[in-house]
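Asks: Next one to model:
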Amino acid sequence: MELNHHVINSSWVVAMLFLMVFLTHEFAFLIGVVVFFFLLFAKTRSKEDFNRELSIERTVSGKRFQENDQIKVTLTITNNSDKIFRGEIFDNLPEDTSIWEGSNLFVLLIPQEETKIFTYNVSFRTRGKYVLGPIKIRYHSEGEVYHDVWDYESLKQVIIIPYPEPVSQYTIPPEFLTKLGGLFKSKLVGDGLDFAGVREYRRGDTLRRINWKQTARYRLLHSNEYELNRATNIIMVLDLTEESKDIADASVRSALGMAKFLSNYRSKIGLITLGEFIHYIPARSGRRHLLEITEHLTNTQSIGYIKNRDLFKQRLEQAVFKTKVVHNEVILFSSLNNLNDSLILTDTLCKLGNVTILAPSLTPIPSISNNILTLSKSLIDLRKLVINRHMLQKDIRIFEWLPSIPFDKSIGMWRAEK
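Replies: Predicted coordinates:
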């Protein structure tokens, strides 16, 4: 919905009045010209008065929201002028905004020195930064002689963070968790579990570490020593090259859900994103690190295709070099749409450690022609076969998941694989 700026075009009205004078030689029509200019002057004055005296404040129920969260928007409109305001207020919203309750268009009659409050709920389906506004105002004069529209610069930015897809240990095969080390070899904070020996007491040792038998035997404080069990770092790689927006958003949600799942086991998680830019976040753990990953995935954008493969390979190798750790477990989210790009990507990531690929499965869209549908399925199966053979030579396992269903249910099919 939009508001037209001028219901009555003043230049056309003046031209018609002068034409009537020229055709009829009745100078009485000039009185109409004078009256019209008087109304035009009053219109300008009224617009200036309301533009200066009408105050509008927009507030939202927060600044950061998840995808599909309902956001409550409140407009507080105050008429500070000495005239009654008659008109409409239209709050301009981004294109992909969904209005759940209320409306962003209000027909108003506000007496002098009064305030009106209006609310409505909106939501956004995909991640990103959105700007609400500006507000458009249409003033109606007395008698509806003229209307006029102007903008009220009241902007509000909201940040929509991706929704993490739920991931649970019950839907992931045990051999996959054993390989990652997230469930059975997760990092321990503090003392380890495996007894390593006894040593003399050191300043800072806790009482529970003191070995009282050795202390009584040698009449000197001795402490137990344990080995710390630490998992290798987990590097998540999100490939958003040659991806559609829907699949890219689904991959972002799934990667964030996997990061949240692994962080619950205190694993150190790093992130490499391949999109408009290649970005690396060092492997760390903790809630603050998960928030950093979430913030980065909110702004990461996909790219249509790789223009310069040599430059892409160079930037990817630079990101891999920044990890400074050779033995990692790498989780790659990629559709593997291009064989050459996939080979460059997997060859480089293999330098980091073991690679596991979580590939969103592409399902052909049903077509009117069964021959076209059969051909598209055959091409997809052939591409999968070629890629799988290349990956098996590098000891890389590929697990497919369906973006059209929840990730937790989709990866549940891994247990059926042999």
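Asks: can you give me the helices for the stretch 201-350 of the chain?
Replies: 212-218, 245-263, 287-299, 309-323, 339-349 (DSSP state H, counting those that start in this stretch).
Asks: what would those look like in CSV with mean neighbour count?
Replies: Glycine gets a C-beta too; all of them are placed from N, C-alpha and C. Converted to CSV, these look like this (neighbours: other Cβ atoms under 10 Å):
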stretch, mean neighbour count
helix 212-218, 12
helix 245-263, 22
helix 287-299, 16
helix 309-323, 15
helix 339-349, 18
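Asks: any chance of the ones you listed in a markdown table, with distance to residue 410 and mean pLDDT too?
Replies: Shown next, in a markdown table, are these (distance: least, Cβ to Cβ, whole Å; pLDDT from 0 to 100):
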| stretch | distance to residue 410 | mean pLDDT |
| --- | --- | --- |
| helix 212-218 | 54 | 89 |
| helix 245-263 | 9 | 90 |
| helix 287-299 | 19 | 92 |
| helix 309-323 | 27 | 88 |
| helix 339-349 | 21 | 86 |
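Asks: Reformat those as TSV; add distance to residue 332.
Replies: TSV is the format used below for the helices of the stretch 201-350 of the chain (distance: least, Cβ to Cβ, whole Å):
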stretch	distance to residue 332
helix 212-218	50
helix 245-263	10
helix 287-299	15
helix 309-323	12
helix 339-349	6
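Asks: just so I know, which of those helices lies nearest residue 168?
Replies: helix 245-263 (7.4 Å; Cβ to Cβ).
Asks: Does anything pack onto the closest one? Which helices or strands?
Replies: The helices and strands touching helix 245-263, judged by 3 or more Cβ pairs under 8 Å, 6 or more residues apart in numbering; DSSP states H and E, are strand 234-239, strand 269-274, helix 287-299, strand 328-333, strand 353-360, helix 407-410.
Asks: my read: residue 346 touches residue 394, true?
Replies: Yes. At 6.3 Å, residue 346 counts as touching residue 394 under the criterion of Cβ atoms under 8 Å.
Asks: Identify the contacts common to those two.
Replies: Here residue 346 and residue 394 have residue 355 as joint contacts, going by Cβ atoms under 8 Å, 6 or more residues apart in numbering.
Asks: Show me how the record splits the chain into domains.
Replies: Taking automatic domain parsing as the domain assignment, the ranges for the chain are 10-161, 174-185+230-416, 194-227.
Asks: ok, and which of those domains has the densest surroundings?
Replies: Mean neighbours per residue, mean count of other Cβ atoms under 10 Å, is largest over these for domain 174-185+230-416, with a mean of 17.
Asks: distance of the closest residue to residue 351 other than its chain neighbours from residue 353?
Replies: Distance criterion Cβ to Cβ, 6 or more residues apart in numbering; nearest residue to residue 351, sequence neighbours excluded, is residue 320 at 5.9 Å. To residue 353, residue 320 is 10 Å away according to Cβ to Cβ, to the nearest Å.
Asks: Equivalent analysis for residue 391, please.
Replies: Distance from residue 391 to residue 353, by Cβ to Cβ: 15 Å.
Asks: Over to residue 167?
Replies: From residue 167 to residue 353 the distance is 21 Å (Cβ to Cβ).
Asks: before we move on, what about residue 102?
Replies: Residue 102 is 52 Å from residue 353, by Cβ to Cβ.
Asks: likewise residue 79?
Replies: Residue 79 is 66 Å from residue 353, by Cβ to Cβ.
Asks: repeat for residue 112
Replies: Applying Cβ to Cβ to residue 112 and residue 353 gives a distance of 72 Å.
Asks: contacting residues around residue 205?
Replies: Going by Cβ under 8 Å, 6+ apart, residue 205 touches residue 223.
Asks: I'd like to know which of the helices and strands packed on helix 245-263 is closest to residue 133.
Replies: For residue 133, the closest of the helices and strands packed on helix 245-263 is helix 287-299, at 20.6 Å, according to Cβ to Cβ.
Asks: which residues touch the closest one?
Replies: Contacting residues not belonging to helix 287-299 are listed as 127-129, 159-162, 164, 238, 252, 255-256, 259-260, 263, 269, 271, 273, 279, 281 [Cβ under 8 Å, 6+ apart].
Asks: now stretch 97-115
Replies: 1, 70, 73, 75-93, 116, 118-125, 130.
Asks: Now do that stretch: distance from first to last residue.
Replies: End-to-end distance for stretch 97-115, by Cα to Cα, to the nearest Å: 27 Å.
Asks: now swap in stretch 141-159 and tell me
Replies: 39 Å.
Asks: Residue 276 and residue 409, how far apart?
Replies: Residue 276 is 31 Å from residue 409, by Cβ to Cβ.
Asks: Could you do residue 343 as well?
Replies: Using Cβ to Cβ, we find residue 343 at a distance of 31 Å from residue 409.
Asks: Over to residue 233?
Replies: Taken as Cβ to Cβ, the span from residue 233 to residue 409 is 29 Å.
Asks: my guess is residue 163 contacts residue 253, does it?
Replies: Yes. At 5.6 Å, residue 163 counts as touching residue 253 under the criterion of Cβ under 8 Å.
Asks: which residues are in contact with both of these two?
Replies: Joint contacts of residue 163 and residue 253 (Cβ under 8 Å, 6+ apart) are residue 67.
Asks: picking that back up, right, so of the helices of the stretch 201-350 of the chain, which gets closest to residue 134?
Replies: helix 287-299 (23.7 Å).
Asks: For the stretch 1-150 of the chain, just list every one of the strands.
Replies: Assigned by DSSP state E, counting those that start in this stretch, the stretch 1-150 of the chain shows strands spanning 54-60, 64-66, 71-79, 85-91, 97-101, 105-110, 114-124, 128-132, 135-140, 147-152.
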